[in-house]
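Engineer: Got a predicted model here, sequence first, then my questions.
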Amino acid sequence: MDIIETIRKHAASDPDKTAFQFSGEGITYGQLWEKSGRLANYLLQLKGLKEHQPVPVYGHKSALMPVCFLACTRSGHPYVPIDTSTPEQRVSDILSSLESPVVLAPVALPVDVRQESLIGAEDLEKISEDPALGQPDMKYRNLKDDIHYIIFTSGSTGKPKGVKITTSNLEAYLSWSVGLVDEKPGVFMNQAPFSFDLSVMDFYTGLATGSTVACTDRAMVQDLSATLEFLGRQKPDYWVSTPSFADLCLSEPSFSGRALPSMKKFLFCGEPLRKQTASRLMERFPGAEVINTYGPTEATVCVTGVTITEEMISAPGDLPVGRAKPGTEVFAGDVDGKPLPQGETGELIIAGDTVSPGYFRDPGRTAEVFFTLDDGTPAYRTGDLGRVDENGMVWCKGRMDGQVKFHGYRIELGDIEKNLTQLQDVENAAVFLKKNQGSGESLAACVLQAPSVDTSYARRKWIRGALGQRLPQYMVPKRVIFFTDFPTTANGKLDRKALGEMI
């Protein structure tokens, strides 16, 4: 699939069709194509912007975001989405890593950059409305092996890591993802911010099928009644979100097929889908399918899928995550990455046409998890434990290391720990994802400090506040527990198992 050519054709054949609908504005396919083309031409004429230089785009849910993304792509540049929820320090870290001479900012940047490098909302509006700029030649767009976008995820060193996704990766994914919705246009519900790769499922699958993408924003999501009212107006056919967001909506009795009769399919990724969630959705929306998928950012959103059945829910154990898409092999591997016998549990390894070429300017971490099979196929070590049964069904059992999935976000616990140890009087830290006594999970931080240091509620509040200046809010532990010493193993290493059992 040639995604840029596909979007061009939709813009030519149905220019007045709404491509994206936000809470207060919409943009049609014709407008998206014209505006992004003018901005692309502007970028092509911009001095100092090198060929294939990544361009950061800072903002949230507005019509200028897809305009900026498409403009970057049409001018041969990878775009790097940075959401407004990203803390200032992390924004600075990403911008420093990219070293881009230009920043597209539909929303005011919270950090200082050279004035000449910043293209803000007012300038973006003027550029995209200027007919004199015209449309760029298609020869300038990203080619198959060019980087299409870079998404920065949590890194164990305390610094974010940029996952590079090529146009070929994206188009191989889309050739499969359109089948999840039977290649039929409709209305997609977008919940995830554009800096979270789950959004690629609705953003690009929607554009590939000539659909409308109805975008919820942060303020709306915090007001469930506003969310459901928005969805009632948009009449979505395809729901794309984390299971946690569906659980939130299910807390409202009116969230049902009666209120949203157009709903055909629920597509989930980003964290484990619980049987209870699937069962409640199937009961509330008897005419809709519930589809579970699996995949890391490094393999372009997801690589498996399965429609959940009543039999799967009634069977013992967790729900399966599906069978691998065409062009992809998923297998359980040993410590050397070699396939284990069928049915055995090991590290899930993904090999195929959607595997990323690696991390941006980070050959060391790239070499740790990316490799090639004997036949030259690119492969990625997921760090997830799982197995593949005799029918090719993949089952995921959770993380092998310090990376967890929490509320749909992939979080390196080491990232939080690293930032905790940089706070005043914190000598060491260990972070855990713990099950609550009731339901759900939360992050808990064990903080090692001297006996003389304050352990009051004010100290806990200060730590959480200081951490919130460094990390996204979803990475700030709900609980902070103080220790004056940590348990150790016979080798003198931190005994994480024993510490986890103490909280």
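Structural biologist: Nice, thanks for sending it over. Numbers count the residues shown, from 1 in each chain.

Engineer: helices and strands around the longest strand anywhere in the chain, which ones?
Structural biologist: With secondary structure taken from DSSP state E, the chain has its longest strand at strand 378-388. With contacts taken as 3 or more CB pairs under 8 Å, 6 or more residues apart in numbering; DSSP states H and E, strand 378-388 sits against strand 328-333, strand 346-352, helix 363-369, strand 370-372, strand 393-399. The way it works is simple: take the backbone N, C-alpha and C, and place the C-beta from them, glycine included.

Engineer: can you give me the angle that strand makes with strand 346-352?
Structural biologist: 140 degrees (axes from the mean of the first three to the mean of the last three CA atoms, to 10 degrees).

Engineer: quick revisit: out of the helices and strands packed on strand 378-388, which is the most enclosed?
Structural biologist: Of the helices and strands packed on strand 378-388, the one with the most neighbours on average (mean count of other CB atoms under 10 Å) is strand 346-352, at a mean of 24.

Engineer: and it, which strands flank it?
Structural biologist: Sheet pairing of strand 346-352 (DSSP bridges) gives strand 328-333 (antiparallel), strand 378-388 (antiparallel).

Engineer: Helix, strand, or coil at the residue lying farthest from the centre of the chain?
Structural biologist: The centre of the chain is farthest from one residue, Ser452, which by CA atoms, centre = their mean lies 41.7 Å away. Following DSSP: H, G, I helix; E, B strand; the rest coil, we place Ser452 in the coil state.

Engineer: Next one, pLDDT for it please.
Structural biologist: Predicted confidence (pLDDT) for Ser452: 92.

Engineer: Find me the pLDDT at the residue nearest to Thr354 when sequence neighbours are not counted, would you?
Structural biologist: Distance criterion CB to CB, 6 or more residues apart in numbering; nearest residue to Thr354, sequence neighbours excluded, is Thr300 at 3.9 Å. With respect to pLDDT, Thr300 scores 98.

Engineer: you'd agree Thr300 is up against Glu171?
Structural biologist: No: in this structure, Thr300 is not within contact of Glu171 by CB atoms under 8 Å, at 9.7 Å.

Engineer: and those two? which has more neighbours close in?
Structural biologist: Thr300 (33 against 21; other CB atoms under 10 Å).

Engineer: Ramachandran angles for that one?
Structural biologist: When read as degrees, to the nearest 10, the backbone of Thr300 gives phi 70, psi 80.

Engineer: ok, now how distant is Phe371 from Gly383?
Structural biologist: For Phe371, the distance to Gly383 equals 14 Å [CB to CB, to the nearest Å].

Engineer: cool, Ile3 as well?
Structural biologist: Relative to Gly383, Ile3 is positioned 29 Å away (CB to CB).

Engineer: Have a look at those two and say which one is more surrounded.
Structural biologist: Taking other CB under 10 Å, Ile3 and Gly383 do not tie; Ile3 has more neighbours (21 against 18).

Engineer: What about Glu310, how many residues nearby?
Structural biologist: 10.

Engineer: what's it in contact with, if anything?
Structural biologist: Going by CB atoms under 8 Å, 6 or more residues apart in numbering, Glu310 touches Met282.

Engineer: doesn't Asn169 make contact with Asp145?
Structural biologist: No: counting by CB under 8 Å, Asp145 sits too far from Asn169 to count as a contact (9.7 Å).

Engineer: between these two, who's got more neighbours?
Structural biologist: The neighbour comparison of Asp145 against Asn169 (other CB under 10 Å) goes to Asn169, with 26 against 10.

Engineer: hang on, Val111 is in a helix, isn't it?
Structural biologist: No: Val111 sits outside any helix when classified using three-state DSSP, being coil.

Engineer: Run a quick neighbour tally on it.
Structural biologist: Other residues close to Val111 by other CB under 10 Å number 15.

Engineer: I'd say it and Val91 touch.
Structural biologist: Yes: with contact defined as CB under 8 Å, Val111 and Val91 form a contacting pair (5.3 Å).

Engineer: mind listing what the nearest residue in space to Val301 that is not next to it in sequence touches?
Structural biologist: In this structure, Val301 finds its nearest non-sequential neighbour in Val200, 5.0 Å apart by CB to CB, 6+ apart. By CB under 8 Å, 6+ apart, the residues touching Val200 are 170, 173, 300-301.

Engineer: could you redo the residues you listed as a markdown table and give each row secondary structure?
Structural biologist: Formatted as a markdown table, these follow (three-state DSSP):
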| residue | secondary structure |
| --- | --- |
| Leu170 | helix |
| Tyr173 | helix |
| Thr300 | coil |
| Val301 | coil |
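
Engineer: Selecting buried members of the residues you listed in PyMOL, what would you type?
Structural biologist: Buried residues within the contacts of Val200, by 16 or more other CB atoms under 10 Å, are selected in PyMOL with:
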select buried, resi 170+173+300+301
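
Engineer: Between the contacts of Val200, which sits nearest Thr28?
Structural biologist: Using CB to CB, Leu170 comes nearest to Thr28 of the contacts of Val200, at 22.8 Å.

Engineer: give me the low-pLDDT residue ranges for this protein?
Structural biologist: Applying pLDDT under 70 to the chain flags the ranges 155-158, 437-439, 489-493.

Engineer: Which residue ranges make up each domain of it?
Structural biologist: For the chain, the structural domains run 18-142, 303-398, 411-501, going by automatic domain parsing.

Engineer: in the host helix or strand of Ile27, what counts as buried?
Structural biologist: Taking DSSP states H and E as the definition, Ile27 sits inside strand 26-28. Counting neighbours by 16+ other CB under 10 Å, one finds that the buried residues in strand 26-28 are 27-28.
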